[in-house]
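>>> One predicted model, sequence on top.
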Amino acid sequence: MNRHERLAGLLELVIERESVHVDELVRELGVSAATVRRDLDELAEQQLITRTRGGATSAPGSADLPLRYKAGRRAEEKTRIAQEAASLVEPTQVVGLNGGTTTTEVARELAVRPELRGPAPGDEVVVVTNAVNIANELAVRPHLRVVVTGGVARALSYELTGPLATPILEQISLDVLFLGVDAIDATRGAAAHHEGEAAVNGALVARANRVVVVADSAKLGRTAFATICGIEAVDTLVTDTGADRALVKELRRSGVEVVRV
């Protein structure tokens, strides 16, 4: 386990349990107490957790973590979700991607799918995104044409938000949008922690012929501050096999196709 993976795993444990002790982290991570204390101190300095005597607790607002620290969370589930989602894309389609760790994995899967490489110029898949990290990864792929919305970049998610995104989105149509969310619920719909992200994501939804939410099972049945769209706007949810059966049943009853991988 490298340092990045260790920090991501450590942060996930603190968030999930809300309070941890150095001794239990030593046992679970298989590293020394000195390493755990040093890592906790580093996370505390970045205001991701709150240091306590002998351990740490989750910090206020820790649900809205920087993207680079979320990357290691539920990695296997997100990979399966991304592979399934990418398989839904056909050559020459216009694909939308908002920011997030799961949509970033979808982008990576699109980049390596040989079936999407058109035989002639103009046959490429077009990817529209408001995530600068996704645009950066895909821009070097000759079989993909990347369109980036305007806006102001958020450090936490690398997403472009604000009114500068609207003029571009009003002029395009998407065949399919892969939508990353912080929460999805059969009654409240899809939501994000940040209102600026929710507004741009909602605009992407409005331009899409098909909306596919990509979210691991931890996002199901949860709520978040700002609504992206109602559940009636969601066509498909791709999630993992850990999804609660009752929640899946509610979503399907609301008209959402749920795919568990």
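Arrived safely.

>>> just checking, Glu137 touches Arg108?
Yes - counting by CB atoms under 8 Å, Glu137 touches Arg108, with 6.8 Å between them. For glycine as for every other residue, the C-beta is placed from the backbone atoms N, C-alpha and C.

>>> how about the strands in the stretch 1-150 of the chain?
Counting by DSSP state E, counting those that start in this stretch, the stretch 1-150 of the chain has strands at residues 19-21, 49-52, 55-58, 94-97, 125-129, 144-148.

>>> and stretch 108-117, which residues are buried?
For stretch 108-117, the neighbour count (16 or more other CB atoms under 10 Å) marks 108-111, 113, 116 as buried.

>>> do the same with stretch 220-236
220-222, 224, 226-229, 231, 233-236.

>>> got the CA coordinates for it in CSV?
What follows is stretch 220-236 as a C-alpha-only set of coordinates in CSV (Å, rounded to 0.1, in the frame of the first residue of the first chain):
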residue,chain,number,x,y,z
LEU,A,220,-28.5,5.2,-2.3
GLY,A,221,-31.2,6.4,0.1
ARG,A,222,-29.1,9.3,1.2
THR,A,223,-29.9,13.0,1.0
ALA,A,224,-27.6,15.9,0.1
PHE,A,225,-28.1,19.7,0.2
ALA,A,226,-28.8,20.7,-3.4
THR,A,227,-31.2,18.9,-5.8
ILE,A,228,-29.8,18.0,-9.3
CYS,A,229,-33.0,16.6,-10.7
GLY,A,230,-36.1,14.7,-9.7
ILE,A,231,-36.2,10.9,-9.9
GLU,A,232,-38.4,11.1,-13.0
ALA,A,233,-35.5,12.5,-14.9
VAL,A,234,-33.3,9.5,-14.2
ASP,A,235,-33.6,6.7,-16.7
THR,A,236,-31.0,4.2,-15.4
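
>>> I'd like the mean pLDDT over it, please.
Here stretch 220-236 scores 96 as its mean pLDDT.

>>> I'd like to know how many residues surround Gly150.
16 (other CB atoms under 10 Å).

>>> With adjacent residues omitted, what lies nearest to it?
Closest residue to Gly150 apart from its sequence neighbours, by CB to CB, 6 or more residues apart in numbering: Leu164 at 3.6 Å.

>>> Let me see the contact set for the residue nearest to Val181 when sequence neighbours are not counted.
Nearest residue to Val181 in three dimensions, chain neighbours excluded: Ala190, at 4.5 Å (CB to CB, 6+ apart). Listed by CB atoms under 8 Å, 6 or more residues apart in numbering, the contact set of Ala190 reads 179, 181, 183-184, 201, 213, 227-229, 231, 233-234.

>>> How far does stretch 237-251 stretch from one end to the other?
Using CA to CA, to the nearest Å, the gap from the first to the last residue of stretch 237-251 comes to 9 Å.

>>> tell me how far that stretch is from the chain's mean position?
How far stretch 237-251 lies from its chain's middle: 17 Å, per CA atoms, centre = their mean, to the nearest Å.

>>> quick one on the thing from earlier: so for the helix or strand encompassing the residue nearest to Val181, what gets flagged as buried?
Taking DSSP states H and E as the definition, Ala190 sits inside strand 189-192. Neighbour-count burial for strand 189-192 flags 189-192 (criterion: 16+ other CB under 10 Å).

>>> ditto for stretch 246-260
Quick answer for stretch 246-260 (16+ other CB under 10 Å): 247-248, 250-251, 254, 256, 258, 260.

>>> quick one: which two of these are the most distant?
Ser254 and Arg260 (16.2 Å; CB to CB).
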